[in-house]
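Engineer: I'd like to go over a predicted model; first the sequence, then the structure.
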Amino acid sequence: MNTMIKLSTAIAAGALSLGALSAAPVQAATTGATAAGTAAGCAKVEHWTGRVTQSVRVTNRCGRTISYQVKRRGPDPRCTVLANGRSYTWQWTRWGGQWQGIRWNCA
C-alpha cells in the first residue's frame, strides 16, 4: 500500500513539473505577440485575389517606420521596411503560394 502512495505521488509531481515547463513557452509567445501587435494595430492590411494574381497591400498609419514580411505557402518575399504614411503592394500568381498572413518587426 505504501508503494502505491509513493508511486502516485511521484506521478503527480512529474505531471505538475511537465505542466510548469510547457507553460513557459506559451508565456514567451504571448509576450512576443503583444510587442509585435503595436504595428498590427495601426497598419492597414488588405488582401485580395483576382483571376490570375493574389495581392497584399500594407499601409503604414503608425506614426513611425515599421517592418513586415508577407507570409505565404512557398518562398516568402523579403522583409519590407515602410515609412510612415506609405504603402506597398506585393503581388504574385494565384497558384504561386497561398496567403498565410503578415510577420511584423522582421528588420
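Structural biologist: Perfect, thanks for sending it. Numbering: from 1, shown residues only.

Engineer: could you list the low-pLDDT ranges of this structure?
Structural biologist: Scanning the chain for pLDDT under 70 picks out 1-38.

Engineer: what about T89, helix or strand, and which?
Structural biologist: Element membership for T89 (DSSP states H and E) is strand 87-93.

Engineer: where along the protein do the strands fall?
Structural biologist: 44-49, 53-59, 66-72, 80-82, 87-93, 99-104 (DSSP state E).

Engineer: quick one, which of those is packed in tightest?
Structural biologist: With neighbours taken as mean count of other CB atoms under 10 Å, the strands of the chain reach their highest mean count in strand 66-72, at a mean of 20. Where you see a C-beta, it was placed from the backbone N, CA and C, and this is true even at glycine.

Engineer: what's that strand in contact with?
Structural biologist: Contacts of strand 66-72 with the rest of the structure, by CB atoms under 8 Å, 6 or more residues apart in numbering, involve 39, 43, 54, 56, 58, 60, 76-82, 90, 92, 96-107.
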